[in-house]
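>>> Fold the following.
(2 chains)
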There are 2 protein chains.
Amino acid sequence: MRQKLAWALAAAIVIGGPAAAQNNSQTIDDEALRADATSMFKPIPTVQPAPANNPITRDKAELGKMLFFEPRLSSSHLLSCNTCHNLGMGGVDGLETSVGHGWQSGPRNAPTVYNAFFNIAQFWDGRAQDLREQAKGPIQAAVEMNATPDRVLAVLNSMPEYRKLFERAFPGEEETLTFDNVAKAIEAFEATLITPGAHFDQYLEGNLAALNGTEKKGLRLFIDRGCASCHNGINVGGGEYYAFGVVEQPGAEILPPDDKGRFAVTETASDEYVFRAPSLRNVALTAPYFHSGRVWDLKQAVEIMSTSQLGTELQADEVEAIVAFLHTLTGEQPDVTYPMLPASTPTTPRPVLMAPNTAQGAQ
Amino acid sequence: MRQKLAWALAAAIVIGGPAAAQNNSQTIDDEALRADATSMFKPIPTVQPAPANNPITRDKAELGKMLFFEPRLSSSHLLSCNTCHNLGMGGVDGLETSVGHGWQSGPRNAPTVYNAFFNIAQFWDGRAQDLREQAKGPIQAAVEMNATPDRVLAVLNSMPEYRKLFERAFPGEEETLTFDNVAKAIEAFEATLITPGAHFDQYLEGNLAALNGTEKKGLRLFIDRGCASCHNGINVGGGEYYAFGVVEQPGAEILPPDDKGRFAVTETASDEYVFRAPSLRNVALTAPYFHSGRVWDLKQAVEIMSTSQLGTELQADEVEAIVAFLHTLTGEQPDVTYPMLPASTPTTPRPVLMAPNTAQGAQ
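Sure, this is the predicted structure:
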């Protein structure tokens, strides 16, 4: 991992020379820039992606949407997936760290659900392999939805409409209403939450006028200064793990010492303070930034990245150009019809508002 | 008020004689029942109702929808109107009493926002004259959204898209982004939240087959036993104020002694424990019941009403028939496309999660 980053940085420095000169003269070779960009990035596809071993059907995705907005998956009946991954707010909650059961603050900033399918793994530390594994986490975390698989199944089983919908979504299965299928349905819906059509994607697809001069300058810098070494691919990030502070660690307010990131997953010393590089898709919508959520201004986030990850100090106009480029990553947010949920029945477990004794898990 | 109820009850008893006989023989005069029903109830209109001095335009209602789903109207940025008036759950939260800022429990059960326009006034005690006055309450209540008008305006003003949308929604006004206009936009959206097409409405409109035998028996009982004395009109309730426990007060767990209802609004002794009769529209979706939210089963709610309000004990099959009739009040829930909200900017006030010192207000 480290080797890969070092190589990428070295490459960036080599490429950086002439490109930097280009920036100074404010002239950008359009064809060369697009060639560089298409070699490092891919547009969000306009067709629905396909999760492994979980074919998306309309029935399954519609059920998944209901579950995504279903507050009765939480023990309080108050928090749904959408509470922290608000589809109207770039797929996040806009809080430093999420608030869950009993008004507890969780340890990390909620990553966006949009385009999450394209990430190499889920959560900041990549501890969930895919969206279906991820979905099971917050439901059970005491600091988030504070439920149990048994409770979730009791809730869903208490409503005949849900039983019917699970049968339709998972035809031919002997037992359809299972916690695994809850997660699979949510994954199927979340896989539809993609945001194609960003200006940057239009540019990648050949519309050179989709970015203006400043945005192109930002893209040139983003590639040449090394940002794209970690933030590349379909999701402009989300594809690999890197140390936060590879060159210089930011202060404790931004990188809290007791959150060692991926180290908790791999228990490997070199994974201390290693996190999955976040996707920068829709980054203009998803403040505050970093796993600690302590930085509210995208400009400041770019400055911190340049010193901590690249060991370079960007000029003010360079930061502005990169921020302008990052705004071109905002895609078309999907139309989502708010789901109508089945009514509770006398056998539906009642909401439990009590604060839990223990707090663990999250993002 | 009391006089009116007494008169209605007397009338109900007079009518009740022959009708009860009819019920015993399980034969119902279809034409007579429909004539009685159309004299006491009206179907939900299929056209949008018009709030006074607040014409609904598409721009205003769309803005109102955004504000209805806007968690940044709360100081935590976590709670929106939709949190407690969930459009996917019959317009309620399914909790005994709502949970607000700092995980505080409010004093009363959240009334549904669906068809709320047709109520005589808003809140259980009718302290808000209309939806626009109502909308201002929870935003400011420390136990709910815990914001202030100044904060709300600072939040909305910080986002250029909102400024533009207010200009469009309130054309020609000198100052468009005001707290009054926030409330007016929310009212305009909420006035669109009506649920026409219930089986009962189809019946009122002349389709006698829209109710089955049990449901018709329930409707007959609902009229003859006096339920319809308080629960009548378009909203099958919501039109007047009545004492809870006019014949016999229910226990303190259902009628908490320290919530004196409309007395707090009028300071008139005869208004102690007086509440607005809730609308029974979509009542099968809005458990738990009563202002205290302590009754989860619609059957039990009907039983409590019959003893406390009518001084009669219904037979089991009568309760079942009334409950079957109440299920025919579930209308078509509207299609609502989830709104995409503008991104916060560096000038947007940050979320405040701290618990407030005081708790007041609610439903």
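>>> rest of the way, CA atoms for contacts and neighbours
Will do.
>>> residues near the residue in the stretch 151-300 of chain A that chain B sits nearest to, how many?
Nearest residue of the stretch 151-300 of chain A to chain B: A:Leu285, at 5.1 Å (Cα to the nearest Cα). A:Leu285: 24 surrounding residues under other Cα atoms under 10 Å in any protein chain shown.
>>> tell me the contacts of it?
For A:Leu285, the residues meeting the contact criterion (Cα atoms under 8 Å, 6 or more residues apart in numbering or on different chains) are A:89-90, A:330, B:343-344.
>>> Separate out the buried members of the residues you listed.
In the contacts of A:Leu285, burial by neighbour count holds for A:89-90, A:330, B:343-344, counting by 16 or more other Cα atoms under 10 Å in any protein chain shown.
>>> and the two most separated of the residues you listed?
Of all pairs drawn from the buried ones among the contacts of A:Leu285, the one with the longest distance (Cα to Cα) is A:Thr330 and B:Ser344, at 14.0 Å.
>>> Skipping its backbone neighbours, what lies nearest A:Val155 in space?
Distances taken as Cα to Cα, 6 or more residues apart in numbering or on different chains place A:Thr348 nearest to A:Val155, at 5.2 Å, with adjacent residues excluded.
>>> show me what contacts that neighbour?
The contact partners of A:Thr348, taken as Cα under 8 Å, 6+ apart, are A:154-156, A:158-159.
>>> how about a markdown table for these, with secondary structure and neighbour count added?
Below are those laid out as a markdown table (DSSP: H, G, I helix; E, B strand; the rest coil; neighbours: other Cα atoms under 10 Å in any protein chain shown):
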| residue | secondary structure | neighbour count |
| --- | --- | --- |
| A:Ala154 | helix | 15 |
| A:Val155 | helix | 21 |
| A:Leu156 | helix | 23 |
| A:Ser158 | coil | 18 |
| A:Met159 | coil | 18 |
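>>> In the stretch 1-150 of chain A, which residue sits nearest chain B?
Taking Cα to the nearest Cα, the stretch 1-150 of chain A has A:Gly88 as its residue nearest chain B, at 4.1 Å.
>>> could you list every residue that touches that residue?
Applying Cα under 8 Å, 6+ apart to A:Gly88 gives the contacts B:338-341.
>>> Return the member of the residues you listed nearest to chain A.
Using Cα to the nearest Cα, B:Met340 comes nearest to chain A of those, at 4.1 Å.
>>> Count residues in the vicinity of the closest one, would you?
There are 19 residues near B:Met340, going by other Cα under 10 Å.
>>> In three-state terms, label the residue lying closest to it once chain neighbours are set aside for me.
Spatial nearest neighbour of B:Met340, excluding adjacent residues (Cα to Cα, 6+ apart): A:Gly88 at 4.1 Å. Applying DSSP: H, G, I helix; E, B strand; the rest coil to A:Gly88 yields a three-state assignment of coil.
>>> gap between A:Gly88 and B:Asn86?
To B:Asn86, A:Gly88 is 15 Å away according to Cα to Cα, to the nearest Å.
>>> I'd say A:Leu298 and A:Asn282 touch.
No: taking Cα atoms under 8 Å as the contact criterion, A:Leu298 and A:Asn282 are not neighbours in contact, 11.6 Å apart.
>>> gap between A:Thr351 and A:Asp201?
Careful, residue A:351 is Pro; it's not Thr. Plainly put, A:Pro351 is 44 Å away from A:Asp201 if you go by Cα to Cα.
>>> and if you look at A:Thr83?
With the distance defined as Cα to Cα, A:Thr83 ends up 29 Å from A:Asp201.
>>> what does the stretch 101-250 of chain A put close to chain B?
Applying Cα under 8 Å from any Cα of the partner chain, we find that the stretch 101-250 of chain A lies next to chain B at A:102-103.
>>> Just give me the neighbour total for the nearest residue to A:Glu70 once chain neighbours are set aside.
Excluding the flanking residues, the one nearest A:Glu70 by Cα to Cα, 6+ apart is A:Ser80, at 5.4 Å. Residues within reach of A:Ser80, counting by other Cα under 10 Å, total 24.
>>> In contact with A:Ser80, which residues?
Applying Cα under 8 Å, 6+ apart, one finds that A:Ser80 lies in contact with A:68-74, A:145.
>>> TSV for these, including secondary structure, pLDDT and neighbour count?
Compiled in TSV, those are given as follows (DSSP: H, G, I helix; E, B strand; the rest coil; pLDDT from 0 to 100; neighbours: other Cα atoms under 10 Å in any protein chain shown):
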residue	secondary structure	pLDDT	neighbour count
A:Phe68	helix	98	24
A:Phe69	coil	98	22
A:Glu70	coil	98	23
A:Pro71	helix	98	25
A:Arg72	helix	98	26
A:Leu73	helix	98	27
A:Ser74	coil	98	29
A:Met145	coil	96	27
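>>> Out of those, flag the one nearest to A:Ile194.
In terms of Cα to Cα, no member of the contacts of A:Ser80 lies closer to A:Ile194 than A:Phe68, at 15.2 Å.
>>> Surely that closest one touches A:Cys81?
Yes: with contacts counted by Cα under 8 Å, A:Phe68 reaches A:Cys81, the gap being 5.1 Å.
>>> Quickly find the element holding the residue lying closest to A:Thr312 once chain neighbours are set aside.
For A:Thr312, the nearest residue in space outside its immediate sequence neighbours is A:Ser306; the separation is 5.5 Å by Cα to Cα, 6+ apart. Of the helices and strands defined by DSSP states H and E, A:Ser306 is found in helix A:298-310.
>>> list the buried ones in that helix?
By neighbour count, with 16+ other Cα under 10 Å as the criterion, the buried positions of helix A:298-310 are A:298-299, A:301-310.
>>> ok so, going back, out of the buried ones among the contacts of A:Leu285, which comes closest to A:Arg34?
Distance to A:Arg34, by Cα to Cα, is smallest for A:Thr330 among the buried ones among the contacts of A:Leu285, at 18.6 Å.
>>> and that closest one, what does it touch?
The neighbourhood of A:Thr330, defined by Cα under 8 Å, 6+ apart, consists of A:195, A:198-199, A:281-285.
>>> now do the same end-to-end measure for stretch A:219-231.
Using Cα to Cα, the end-to-end distance of stretch A:219-231 comes to 12 Å.
>>> How about stretch A:47-67?
Across its full length, stretch A:47-67 reaches 23 Å end to end, with Cα to Cα as the criterion.
>>> Which residues does that stretch contact?
Defining contact as Cα under 8 Å, 6+ apart, one finds that stretch A:47-67 is touched by A:73, A:117, A:165-166, A:168-170, A:182, A:184-192, A:194, A:339-341.
>>> in it, what counts as buried?
Buried residues in stretch A:47-67, counted by 16+ other Cα under 10 Å: A:49, A:51, A:56, A:59-67.
>>> cool, stretch A:307-327 as well?
Residues A:307-310, A:314, A:318-327 are the ones in stretch A:307-327 that count as buried (16+ other Cα under 10 Å).
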